[in-house]
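Enquirer: Here is my input, please return the structure:
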Amino acid sequence: MSILESFVKTGKPLITVEDVYQKSDIVFKSFIVTFSFRTVEALLEDGLIETVAEDAIRSISCHYPVYRFIGTDIGLIKTTVGAPIASVLIEEMSYVYSCRKAVIFGSCGSLDKSIPEHKLIVPTEAYRDEGTSYHYIEPSDYISMSRYHKVCEILDELHIEYVTGKTWTTDAFYRETVEEINKRKSEGCIAVEMEFSACEAVCRYAGIELYGFLYRADNLDSDSWEKGRRDAMLSKDKRLDILNVAFEIAKRI
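Expert: Just a heads-up that it's a prediction; the model follows:
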């Protein structure tokens, strides 16, 4: 069977999130998903978040501590990199904490060298070069990001500059070949990342509102890879500046 036939609209899953988790007494209005452990460390160091549960969300490989911004009903969780984990983690958080609004943000590689380093990017569509999304919605090359207009509206309110465009979600960052890069660029992709198409698909399936943005780290629109300043090279203040954008979105949705 082709992966294009993986989605069965009437198919009932044998295992559901309700079978694995119990609901918490805590209810979040919205929650933020980050990929950066350094951002979480900075928030804890500055006393901006508190731990809600050390192991409410878990897998055989690790636990995913859940945090709450002090004095709010906004949650936070750090995911690992990759479409399967990040997308399902959102579904699990949504169920356990009875919340249907998620904000996800992270770094990306630029496919347009004119985009400055750390510039915010709001994806409008994502190329589905991963396996997860094909089990949640009908097959297609691209999936539109349902709420990118709202993200743009909030960034405009905050007077934060950004660019919009298509992104390329891929499972295989060591196989981002020149040929594929040029093909995606020709289709209008301005960035490459590893999660957004899957997260959008899972959220549509589960009835979760997903709000996402990226910031430009490395650059692939060049004769050779330009590493740029990725998360490990960002200052604490810069990490918190980017996190604060996610927090402002989470407050307004």
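Enquirer: from here on, contacts and neighbour counts on C-alpha atoms
Expert: Noted.
Enquirer: Where is the longest helix in the chain?
Expert: Identified as the longest helix of the chain according to DSSP state H is helix 236-252.
Enquirer: Tell me which stretches of the stretch 51-200 of the chain form helices.
Expert: Assigned by DSSP state H, counting those that start in this stretch, the stretch 51-200 of the chain shows helices spanning 83-96, 148-157, 178-186, 196-206.
Enquirer: so which of those is the most packed in?
Expert: Among these, ranked by average contacts under mean count of other CA atoms under 10 Å, first place goes to helix 196-206 (a mean of 24).
Enquirer: Beyond it, next helix or strand please.
Expert: Where DSSP states H and E defines the elements, the next helix or strand beyond helix 196-206 is strand 209-219.
Enquirer: what residues does that following strand touch?
Expert: Strand 209-219 has contacts (CA atoms under 8 Å, 6 or more residues apart in numbering) with 100-113, 115-123, 146-148, 150-151, 191, 196, 199-200, 203, 225-231.
Enquirer: ok, back up a step: mind giving me the packing neighbours of the longest helix of the chain?
Expert: If contacts are counted by 3 or more CA pairs under 8 Å, 6 or more residues apart in numbering; DSSP states H and E, helix 236-252 sits against strand 30-34, helix 37-45, strand 101-110, helix 148-157.
Enquirer: cutoff 10 Å now
Expert: Packing contacts for helix 236-252, counted by 3 or more CA pairs under 10 Å, 6 or more residues apart in numbering; DSSP states H and E, involve strand 30-34, helix 37-45, strand 74-78, strand 101-110, helix 148-157, strand 209-219.
Enquirer: Show me the one of the helices of the stretch 51-200 of the chain that comes nearest residue 67.
Expert: Among these, helix 83-96 comes nearest to residue 67, with 11.3 Å by CA to CA.
Enquirer: what's the angle from the closest one to strand 209-219?
Expert: Counting by axes from the mean of the first three to the mean of the last three CA atoms, to 10 degrees, helix 83-96 lies at 150 degrees to strand 209-219.
Enquirer: Kindly state the pLDDT recorded for residue 229?
Expert: pLDDT, residue 229: 66.
Enquirer: and if you look at residue 172?
Expert: 93.
Enquirer: Next, the buried residues of stretch 21-32.
Expert: 27, 28, 29, 30, 31, 32 (16 or more other CA atoms under 10 Å).
Enquirer: let me redo that: stretch 184-194
Expert: Across stretch 184-194, burial judged by 16+ other CA under 10 Å covers 184, 185, 188, 189, 190, 191, 192, 193, 194.
Enquirer: what's the straight distance from one end of it to the other?
Expert: With CA to CA, to the nearest Å as the measure, the ends of stretch 184-194 fall 14 Å from one another.
Enquirer: Turn the buried residues of stretch 21-32 into TSV, including pLDDT and distance to residue 173.
Expert: Below are the buried residues of stretch 21-32 laid out as TSV (pLDDT from 0 to 100; distance: CA to CA, whole Å):
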residue	pLDDT	distance to residue 173
27	98	36
28	98	34
29	98	34
30	98	30
31	98	27
32	98	24
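Enquirer: Would you mind putting those into JSON lines with distance to residue 133 alongside?
Expert: Output for those, formatted as JSON lines (distance: CA to CA, whole Å):
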{"residue": "27", "distance to residue 133": "27"}
{"residue": "28", "distance to residue 133": "26"}
{"residue": "29", "distance to residue 133": "26"}
{"residue": "30", "distance to residue 133": "23"}
{"residue": "31", "distance to residue 133": "22"}
{"residue": "32", "distance to residue 133": "21"}
